[in-house]
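1. Can you look at this prediction? I've put the sequence above it.
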Amino acid sequence: MSRLQRIFKAPDTSPHRANWMSGLLFLGFAFCVIQLIVIQVFQSSTLASEGERVRTAVSEIGAKRGEILDVNGVVLADSVQAYHIAVNQKAITTYEHKDDNGNVVGRGPAEAAKQLSSLLGISQAELGGMMLGDSTYVYLKKNVDAVTYREIRKLDITGIEWEAVFDRTYPNGNTAGPIVGAVNAEGDGVSGLEAYFNNFLQGTSGEEAYEISPNGAVMPGGKKVTKEPQDGGSVRTTLHADLQHLVQDALDARVRKHNADWGVVVISDVSTGRILVLADSGSTTPNPSKPQSVMGVQAPYEPGSVGKVLTMASALEKGTTTPTTAYSVPYSISPADAGGPISDYHEHGTEMMTTTGILTQSSNVGTIEVGEQVGDRDRYDFMTKMGLNQVTGIELAGESQGIMRDFDAIRGRDRYTMMFGQSYAITAIQQNQFIQAIGNRGVMIAPRIIDSTTDSKGRTEKTVSPQPKQVMSADRSKELITMMESVVMDKQGTGQLAKVEGYRVAVKTGTADIKVNGADAVVSNTAGLVPAESPRLAISVVLYNPRVAGLSSDAAAPLWSEVTTEAVRNLGIPASTESAQLYPTTP
């Protein structure tokens with residue numbers, strides 16, 4: 001056969017070729033059927049979900065942050081409903097504003113800006129400019145109130161969208177501001193109780209899913225799925241908001257008067273350890289950009305002569321002295337290992353004083369005489385037993401344990417100065433804790449500032465205090481309280497300006513010499529109990545680095561009197577009806 005014949009050869013019509021073609025067609029058909037089965041049966045849910053995802057938008061529904069309250073339910077921190085208003089710049093180009101007759105009276109961003117300008121408080125020109133572009137979500141204004149939000153919704157403007165949020169508010173302003181703490185823009189607590197209880201207060205956000213058109217606009221009547229948020233729980237403190245506010249004002253005035261760096265006042269319930277007031281000078285309304293420290297918990301200071309209470313307590317408890325034991329007290333002593341003389345504040349000749357007299361006149365030399373009758377190790381252990389060099393466990397972040405050397409590192413002059421409240425540092429909350437224990441017949445109860453918590457389902461859980469500890473005998477604590485009464489009532493007492501009209505009080509003042517930026521300075525300090533015959537309140541006041549009239553008798557003692565007077569009135573504590581039976585201050 002020639003080449004030409006081979007090219008134009010008739011098609012093969014043999015049965016074999018027909019079968020081969022039929023097989024190919026069958027395989028193709030079978031493949032299509034299998035693909036349809038795979039798509040419609042095995043991949044249907046996956047593909048449907050993918051399609052739904054592409055045309056579905058999901059937005060978060062914020063949970064309402066829980067309240068922070070005072071003990072009587074006064075709101076210190078709350079969250080109010082607010083809305084962020086946004087624009088879909090693509091969708092709003094299709095907007096048509098129609099009158100009641102269906103006639104178009106305006107279109108697009110310009111008309112939307114005209115309608116929204118007064119509601120949002122933004123000029124038409126500026127608002128119109130914000131609506132131009134290719135973005136599907138641009139914020140126009142955040143934290144719009146609910147009334148304005150409802151007015152915006154009534155307008156039904158295509159392309160205008162919103163999201164519900166909660167704005168943190170502080171109805172009582174700066175009252176307990178550092179304790180309450182602040183919340184940042186992300187809704188996280190950054191200080192105070194807002195940080196300590198952040199997860200509990202925060203709650204769990206929900207979700208809202210809805211169908212959108214290709215240009216990103218929400219489809220009217222489209223599928224919408226909502227997962228409801230779970231609101232945060234609330235926290236009830238032990239604070240008394242009214243008294244806290246009054247004390248803050250008094251403290252601020254005293255800090256200004258004496259030109260101090262800062263000041264703190266702590267008031268606690270003697271029988272429970274609950275904190276009724278924890279005031280910091282200069283408190284402001286919580287602000288996440290300016291978080292405030294709770295100085296009464298975080299800032300250690302040398303207590304000065306308030307520390308003599310611990311020396312006296314250790315000697316009374318050990319049985320090495322009594323309130324009336326007599327001592328010969330010179331103005332100055334020079335122990336061989338002290339590196340120089342140790343003197344009293346006021347010069348005097350050698351005097352005979354009782355233990356009570358030494359505390360009343362706040363004699364450094366006399367306190368050393370009392371303290372040396374107790375072994376160094378026993379005295380150190382007693383200070384630790386009274387809560388020094390350890391945190392109290394109060395429900396606030398950043399608590400300091402204070403500063404105190406290990407026993408083996410104490411030597412030389414520090415051995416003596418520690419007896420009268422120097423060479424170690426404590427916080428105001430630690431100081432008030434050991435004053436509370438003395439007032440509570442020697443039973444220490446760790447301070448607490450939380451009364452209860454209530455979760456989103458309304459279940460309330462009361463705070464359980466740690467186990468009380470007997471740190472001093474009831475009889476010795478009663479003797480010490482009577483000794484402290486003389487500090488106020490005796491004509492030579494250092495705490496005469498701490499008197500409270502109508503009430504017996506047991507007080508100790510203290511002025512510690514310190515250095516601030518290399519310069520000489522003092523800490524003015526006073527702590528005590530009211531009423532002395534049956535203590536209800538333990539109160540501490542501290543003024544750090546007062547530059548004007550900084551002695552405790554001139555600064556902290558009058559402040560103690562002022563805030564104690566406010567406290568007994570505010571809390572309705574009855575005046576004293578029994579006369580004091582004081583110990584003699586001289587043999």
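-> The structure has been received and is ready for your questions. Model, not experiment: these values are computed from the prediction.

2. The stretch 151-300 of the chain: helices as residue ranges?
-> Using DSSP state H, counting those that start in this stretch, the helices of the stretch 151-300 of the chain run over 177-180, 192-196, 198-202, 241-258, 295-298.

3. can you dump the C-alpha coordinates of the fourth one into PDB?
-> Which is helix 241-258. The C-alpha trace of helix 241-258 is given here as PDB (Å, rounded to 0.1, in the frame of the first residue of the first chain):
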ATOM      1  CA  ALA A 241     -16.400  54.200 101.100                       C
ATOM      2  CA  ASP A 242     -17.700  57.300 103.000                       C
ATOM      3  CA  LEU A 243     -15.000  56.900 105.700                       C
ATOM      4  CA  GLN A 244     -12.400  56.100 103.100                       C
ATOM      5  CA  HIS A 245     -13.200  59.400 101.300                       C
ATOM      6  CA  LEU A 246     -13.100  61.500 104.600                       C
ATOM      7  CA  VAL A 247      -9.800  59.900 105.600                       C
ATOM      8  CA  GLN A 248      -8.300  60.500 102.100                       C
ATOM      9  CA  ASP A 249      -9.200  64.200 102.400                       C
ATOM     10  CA  ALA A 250      -7.700  64.500 105.900                       C
ATOM     11  CA  LEU A 251      -4.500  62.700 104.800                       C
ATOM     12  CA  ASP A 252      -4.000  64.800 101.700                       C
ATOM     13  CA  ALA A 253      -4.400  68.000 103.800                       C
ATOM     14  CA  ARG A 254      -1.800  66.800 106.300                       C
ATOM     15  CA  VAL A 255       0.600  65.800 103.500                       C
ATOM     16  CA  ARG A 256       0.300  69.300 102.100                       C
ATOM     17  CA  LYS A 257       0.700  71.000 105.500                       C
ATOM     18  CA  HIS A 258       3.900  69.100 106.300                       C
END
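
4. For that helix, buried residues please.
-> Neighbour-count burial for helix 241-258 flags 241-248, 250-252, 254-255, 258 (criterion: 16 or more other C-beta atoms under 10 Å). (Glycine included, C-beta is placed from N, CA and C.)

5. Over to stretch 118-130?
-> So, applying 16+ other C-beta under 10 Å, buried residues of stretch 118-130: Leu119, Leu120, Ile122, Leu127, Gly128, Met130.

6. who wins for proximity to Glu228 among the helices of the stretch 151-300 of the chain?
-> helix 198-202 (15.7 Å; C-beta to C-beta).

7. average pLDDT for the closest one?
-> Summarised as a single mean, pLDDT over helix 198-202 is 95.

8. in the sheet, who's paired with the residue nearest to Glu228 when sequence neighbours are not counted?
-> Nearest non-adjacent residue to Glu228, counting by C-beta to C-beta, 6 or more residues apart in numbering: Gly206, 4.9 Å away. Using DSSP bridges, the bridge partners assigned to Gly206 are Ile61.

9. gap between Gly206 and Gly187?
-> 14 Å (C-beta to C-beta, to the nearest Å).

10. Could you check the pLDDT of the residue most central in space within the chain?
-> Geometric centre of the chain, nearest residue: Gly192, 1.4 Å, by C-alpha atoms, centre = their mean. Gly192 carries a pLDDT score of 95 in this model.

11. With Gly495 instead?
-> Gly495 is given a pLDDT of 96.

12. thought it was touching Thr526?
-> Yes - in this structure, Gly495 is within contact of Thr526 by C-beta atoms under 8 Å, at 6.7 Å.

13. ranges for the strands of the stretch 351-500 of the chain?
-> For the stretch 351-500 of the chain, the strands defined by DSSP state E, counting those that start in this stretch occupy 351-354, 443-444, 450-454, 460-462, 469-470.

14. mean confidence score for the longest one?
-> Summarised as a single mean, pLDDT over strand 450-454 is 97.

15. Adjacent strands (with direction) for that strand?
-> strand 234-237 (antiparallel), strand 460-462 (antiparallel).

16. and these, which is most packed in?
-> strand 234-237 (a mean of 25; mean count of other C-beta atoms under 10 Å).

17. which intervals of the stretch 51-200 of the chain have sub-threshold pLDDT?
-> The stretch 51-200 of the chain contains residues with pLDDT under 70 at 51-61.

18. give me that answer again for 80
-> 51-62, 164 (pLDDT under 80).

19. cool, and the stretch 201-350 of the chain?
-> Using pLDDT under 80, the stretch 201-350 of the chain drops low at 205-228.

20. all strands of it, in order?
-> Under DSSP E, counting those that start in this stretch, the stretch 201-350 of the chain gives strands at 206-211, 224-227, 234-237, 262-269, 275-280, 326-329, 332-333, 342-343.

21. closest to Ile539 out of the ones you listed?
-> Using C-beta to C-beta, the strands of the stretch 201-350 of the chain put strand 262-269 closest to Ile539, at 5.1 Å.

22. Contacts for that closest one, please.
-> The contact list for strand 262-269 (C-beta atoms under 8 Å, 6 or more residues apart in numbering) reads 238, 243, 247, 250-252, 254-255, 274-282, 295-296, 299, 428-429, 431-433, 436, 447, 536-544, 559, 563, 567.

23. Can you check what angle separates it from helix 241-258?
-> Interaxial angle of strand 262-269 relative to helix 241-258 (axes from the mean of the first three to the mean of the last three C-alpha atoms, to 10 degrees): 150 degrees.

24. Go through strand 262-269 and flag the buried ones.
-> Quick answer for strand 262-269 (16+ other C-beta under 10 Å): Trp262, Gly263, Val264, Val265, Val266, Ile267, Ser268, Asp269.

25. Dump the helices of the stretch 151-300 of the chain to JSON lines, plus distance to Thr169.
-> Formatted as JSON lines, these follow (distance: least, C-beta to C-beta, whole Å):
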{"stretch": "helix 177-180", "distance to Thr169": "11"}
{"stretch": "helix 192-196", "distance to Thr169": "13"}
{"stretch": "helix 198-202", "distance to Thr169": "14"}
{"stretch": "helix 241-258", "distance to Thr169": "15"}
{"stretch": "helix 295-298", "distance to Thr169": "25"}
